[in-house]
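# Kindly return the folded structure for what I paste below:
(chains A and B)
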Protein chains: 2
Amino acid sequence: MEPQNREPYSTLGSRLRPPVINALMSAMLDNPRLLSLAAGFTDTTSLPSASVSEAVEALRSRPGPPEHLQYGTTQGRRRLRELLSARTTHHDVLWSGGIVPARTMIGNGSQQLLYLAMQVLCDPGDIVLVERPTYFVLLEMLAGLGVRPVSLPAQADGSLNLEAIEALLDKLVRSGESARLKAVYLVTYFANPSAISRSEAEKCALARLLGDRGLFAPVIEDAAYRELWFDAPWAARSVFALDSWEGFQRLYLGTLTKPFASGLKIGYAHGSDASLLDRMTWLKGHHDFGSANFNQAILEHALESGAFDAHLELLRPAYADKMWHLNTALESAGLRDLGWEWEIPAGGLYLWLRAPEGIDTSVDGAFWAACMEEEVLYVPGDLCIAERDVRWHVRLSFGVLDATGLEEAARRFARAAARLSTMSVH
Amino acid sequence: MEPQNREPYSTLGSRLRPPVINALMSAMLDNPRLLSLAAGFTDTTSLPSASVSEAVEALRSRPGPPEHLQYGTTQGRRRLRELLSARTTHHDVLWSGGIVPARTMIGNGSQQLLYLAMQVLCDPGDIVLVERPTYFVLLEMLAGLGVRPVSLPAQADGSLNLEAIEALLDKLVRSGESARLKAVYLVTYFANPSAISRSEAEKCALARLLGDRGLFAPVIEDAAYRELWFDAPWAARSVFALDSWEGFQRLYLGTLTKPFASGLKIGYAHGSDASLLDRMTWLKGHHDFGSANFNQAILEHALESGAFDAHLELLRPAYADKMWHLNTALESAGLRDLGWEWEIPAGGLYLWLRAPEGIDTSVDGAFWAACMEEEVLYVPGDLCIAERDVRWHVRLSFGVLDATGLEEAARRFARAAARLSTMSVH
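Prediction:
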């Protein structure tokens, strides 16, 4: 018999689409002169090559066989989990109610832990509450899983619009859909893409609005950028340390490699309940039964030797400098005069710009085309909005390009903006 | 309102169970004197610590910024994919019809690539054909996904029982269930757990039985142990090189780290069709958007410098020695005289033993209890059988323990066997 031509994929397999990042990368391949303010990559020149080598040598010279080159456990190295529990507890101002090694697990970046959590929590058709805007890869992941993201309404300044959230939650309860609410996903420190951080009051207010309606869906706090502050850490403690969230399952996600060496790809999760963490660990047993033990051992050594924190102390002013470079270059090129608005971030890797009225920043708009002609790449803001109904933001990353690159990219971006401005005047 | 007590997990989340390996590990924790012939770990003393350091230093001394510490792409390093395509093509006796870098991807061990494939191919309730016995983690993975494994009937010597397979496939077609058949999973070189390798004739016969009935489900050939031969490689080419499989989507899975340093955790997949590989790559974008670039760069260097192959040349006789040690120790302890049977493997990491009639090797049986008392651990064979209806095999691994450990473990195992033998006589 002849092969059948049917698509042999699962429901999930058929739902998959090429990721946004592919489109951006193929734009770069089509025109290698493009300068990218799109990629969320880290600064390459400041990567800690010496510290990594030192850790590898220290591991090599340990007495006994090189266990760091052997398989590890699915949950991750015990000593690393101890160090991470102590570290997050310290960030939460020495609050010590629930972050413990037994309920900590290691993943291939915090991304994998987010995927495991969503697989364990959500069926197709379920609802996850997200911020507006939110991490665009999360939106792609949910689309793949067939899960519906619903935005928490926001004020113009990015803070939560509590009144509108109240109305949203009431509507959810009335419609009978509240049983489908399976998680709340928050990026609370120097967020991707908004650069916003949330106050304790804001986090607690959200918990109360949910709790008052009996909506105790697990909360996932993504703290990927928490350590990448410029002048001072963001003082708000995590949902683990806040009484208002006590009735909720809480999952805290962090990364060790974005603020160190992203090529090592190690993230971690703290869980408030063994039940969720256990299931994520069992599922990781199916995915890969454990992240590379070698990489975990390197990071464990870098944390213990102080190399990790020493690197962070170099990195913070370096990223602050790069942010100021991009910001100043955009201002010098007259972007604010053209009606573009943005806040100066206090940490993270992104500027979140709002275009003047009438400019559509999506890939279907004239502004995207102008930027392609000016040879500069950005992330269209609508990709970061669950409902895709806000099409006037732009995410710019200052992580990758050096000072000269950032300045040139900023000039190109402003020229594209000026073109559109001229067009709308005429 | 008070928190609800309902289990908030998805269908998949609720289906998850602790992996078998957890039970074995907790047995070890309960009694640290246990000697383990269970873990499929690699030999720790022979891990290539010097080669890994050398690769790290070589990468560090490359001119330019340390790109190996930066994020990579989701698909994996291009040069590594080139090297792997050439390598597998070489294994398939320079056959060059379809293994190319563009349809090669890198994962966190071949395990992750297997998971991605199953997610892309199978919905809950779908069927995957597997060998009898098969890789037990695959069975756990399918259980988590709600997918039904169905065994391909085997002869007593482990070869495929073609007549019985014909009957099985006919039944599948008649029952209308053949539309649910979504993949065929084969471990064809020094398999885990059977140590068996499949001939080209055997693989082709299976393709014809499937094709004759129009059952062109994708075939996944897991070649994790292909390079771990003792005296000579297994000559049969992969399904990629066999005409009989041409009408099928083919996926070939390999690992770079089991035969080198398992702690680096890098595997790869070759696909015959862009369509399946693309979907797996998009899905990997949701899982972790790329395996650690650092580890990929180390392995790329080890392949190019020859360190990888030099290590394999040391490893093969080392594993052959360990196999002979375990085998001889079991024979010297009189295990064959007690009615136990096994073949001498030609590669891989396992002995697959068949107990004499009347002995149940599952964890519910008296033999398991006897082994716990004698302080030796094994993998019960029923865990490797989709239908769990064959309870008289044992998988023993000679990967981890040294010669002395293997000999002592063999003596303990034989003592447990002797006890049961005495019991059944009385």
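# quick one: low-confidence ranges for the stretch 1-150 of chain A?
Applying pLDDT under 70 to the stretch 1-150 of chain A picks out residues A:1-7, A:96-97.
# Now do the strands in it.
A:35-36, A:104-107, A:127-130, A:148-151 (DSSP state E, counting those that start in this stretch).
# closest to A:Leu349 out of those strands?
The closest of the strands of the stretch 1-150 of chain A to A:Leu349 is strand A:35-36. By C-beta to C-beta, the value is 12.9 Å. In short, each C-beta sits where N, CA and C put it, glycine included.
# distance of the nearest residue to A:Asp360 once chain neighbours are set aside from A:Glu357?
Spatial nearest neighbour of A:Asp360, excluding adjacent residues (C-beta to C-beta, 6 or more residues apart in numbering or on different chains): A:Arg391 at 4.9 Å. According to C-beta to C-beta, to the nearest Å, A:Arg391 and A:Glu357 sit 12 Å apart.
# where do the helices sit along the stretch 301-426 of chain A?
In the stretch 301-426 of chain A, the helices defined using DSSP state H, counting those that start in this stretch lie at A:307-332, A:366-374, A:403-425.
# Relative to chain B, which of those is closest?
Of all the helices of the stretch 301-426 of chain A, it is helix A:307-332 that lies closest to chain B, at 11.1 Å by C-beta to the nearest C-beta.
# which parts of that closest one are buried?
The neighbour-count check on helix A:307-332 (16 or more other C-beta atoms under 10 Å in any protein chain shown) flags A:307-308, A:311, A:315-316, A:319-320, A:322-323, A:325-327, A:329-330 as buried.
# do it and chain B meet?
No - using C-beta under 8 Å from any C-beta of the partner chain, no contact is recorded between helix A:307-332 and chain B, whose separation bottoms out at 11.1 Å.
# Also stretch A:108-126?
Yes - under the criterion of C-beta under 8 Å from any C-beta, chain B is reached by stretch A:108-126 at A:108-109, A:111-112, A:115, A:119-123, A:126.
# Identify those among the residues you listed that sit within helices.
A:109, A:111-112, A:115, A:119-121 (DSSP state H).
# Save those residues as a markdown table, and put in neighbour count too.
Listed next are these as a markdown table, based on neighbours: other C-beta atoms under 10 Å in any protein chain shown:
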| residue | neighbour count |
| --- | --- |
| A:Gly109 | 28 |
| A:Gln111 | 25 |
| A:Gln112 | 27 |
| A:Tyr115 | 26 |
| A:Gln119 | 27 |
| A:Val120 | 26 |
| A:Leu121 | 26 |
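# okay, now the domains of chain A?
Structurally, chain A divides into domains by automatic domain parsing as follows: A:11-47+A:310-425, A:63-305.
# what would those domains look like in JSON lines with distance to B:Leu24?
Shown next, in JSON lines, are the domains of chain A (distance: least, C-beta to C-beta, whole Å):
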{"stretch": "domain A:11-47+A:310-425", "distance to B:Leu24": "31"}
{"stretch": "domain A:63-305", "distance to B:Leu24": "12"}
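# Next, count neighbours for the closest residue to A:Leu312 other than its chain neighbours.
Residue nearest to A:Leu312 in three dimensions, not counting chain neighbours: A:Pro259, with 5.6 Å by C-beta to C-beta, 6+ apart. Number of residues near A:Pro259 (other C-beta atoms under 10 Å in any protein chain shown) recorded here: 21.
# what's near enough to touch A:Pro259?
A:Pro259 makes contact with A:227-228, A:311-312, A:315, according to C-beta atoms under 8 Å, 6 or more residues apart in numbering or on different chains.
# Looking at those, spot the one nearest B:Ala414.
Ranked by distance to B:Ala414 (C-beta to C-beta), the contacts of A:Pro259 are led by A:His311 at 54.1 Å.
# burial measure for the closest residue to the closest one other than its chain neighbours, as a count.
Using C-beta to C-beta, 6+ apart and skipping residues adjacent in sequence, the residue nearest A:His311 is A:Pro48, 4.7 Å away. Neighbour count of A:Pro48, defined by other C-beta under 10 Å: 22.
# Alpha carbons of stretch A:288-305, as PDB, please.
Extracted C-alpha coordinates of stretch A:288-305, given in PDB (Å, rounded to 0.1, in the frame of the first residue of the first chain):
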ATOM      1  CA  ASP A 288      15.100  14.400  30.600                       C
ATOM      2  CA  PHE A 289      15.600  12.900  34.200                       C
ATOM      3  CA  GLY A 290      17.700  15.800  35.300                       C
ATOM      4  CA  SER A 291      19.600  18.800  34.000                       C
ATOM      5  CA  ALA A 292      23.300  18.500  33.200                       C
ATOM      6  CA  ASN A 293      25.000  17.700  36.500                       C
ATOM      7  CA  PHE A 294      28.200  19.300  35.200                       C
ATOM      8  CA  ASN A 295      26.500  22.700  34.800                       C
ATOM      9  CA  GLN A 296      24.900  22.400  38.200                       C
ATOM     10  CA  ALA A 297      28.300  21.600  39.800                       C
ATOM     11  CA  ILE A 298      29.900  24.600  38.100                       C
ATOM     12  CA  LEU A 299      27.200  27.000  39.400                       C
ATOM     13  CA  GLU A 300      27.300  25.400  42.800                       C
ATOM     14  CA  HIS A 301      31.100  26.100  42.900                       C
ATOM     15  CA  ALA A 302      30.600  29.700  41.600                       C
ATOM     16  CA  LEU A 303      28.000  30.400  44.300                       C
ATOM     17  CA  GLU A 304      30.200  28.900  47.000                       C
ATOM     18  CA  SER A 305      33.500  30.600  45.900                       C
END
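# how far away is A:Tyr252 from A:Phe230?
According to C-beta to C-beta, A:Tyr252 stands 22 Å off from A:Phe230.
# of the two, who's got more company?
Using other C-beta under 10 Å, the more surrounded residue of A:Tyr252 and A:Phe230 is A:Tyr252, with 28 against 17.
# contacting residues around stretch A:78-85?
A:75, A:99-101, A:104-106, A:254, A:256, A:268, A:270, A:296-297, A:299-300, A:303-304.
# how about the buried residues of helix A:307-332, which pair is most distant?
A:Ala307 and A:Leu330 (34.4 Å).
# Flag every residue of the stretch 101-250 of chain A that's near chain B.
Residues of the stretch 101-250 of chain A lying near chain B by C-beta under 8 Å from any C-beta: A:107-109, A:111-112, A:115, A:119-123, A:126, A:137, A:140-141, A:144-145, A:182, A:211-214, A:216-218, A:247-249.
# Buried among those residues? Need that as a selection in PyMOL.
The PyMOL selection below is limited to those of these classed as buried (16+ other C-beta under 10 Å):
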select buried, chain A and resi 107+108+109+111+112+115+119+120+121+122+123+126+137+140+141+144+145+182+211+213+216+217+218+248+249
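# residue boundaries of the helices in the stretch 1-150 of chain A?
Secondary structure of the stretch 1-150 of chain A, counting by DSSP H, counting those that start in this stretch: helices at A:11-15, A:20-30, A:49-60, A:78-91, A:109-121, A:136-145.
# from the ones you listed, which stretch is densest packed?
Greatest average neighbour count among these goes to helix A:109-121 (a mean of 26), per mean count of other C-beta atoms under 10 Å in any protein chain shown.
# and that helix, how far out from the chain's middle?
On the basis of C-alpha atoms, centre = their mean, to the nearest Å, helix A:109-121 sits 13 Å off its chain's mean C-alpha point.
# cool, and stretch A:365-373?
Remark: stretch A:365-373 is offset 26 Å from the chain centroid, using C-alpha atoms, centre = their mean.
# one step back: among the strands of the stretch 1-150 of chain A, show me which one is buried the most.
Among these, highest average neighbours (mean count of other C-beta under 10 Å) belong to strand A:104-107, with a mean of 28.
# Which strands or helices does that one pack on?
The contact analysis (3 or more C-beta pairs under 8 Å, 6 or more residues apart in numbering or on different chains; DSSP states H and E) places strand A:104-107 against helix A:78-91, helix A:109-121, strand A:267-271, helix A:274-287.
# So for A:Arg391 and A:Glu357, which sits in the more crowded spot?
Under the neighbour definition other C-beta under 10 Å, A:Arg391 and A:Glu357 were set side by side, and A:Arg391 has more, 18 against 8.
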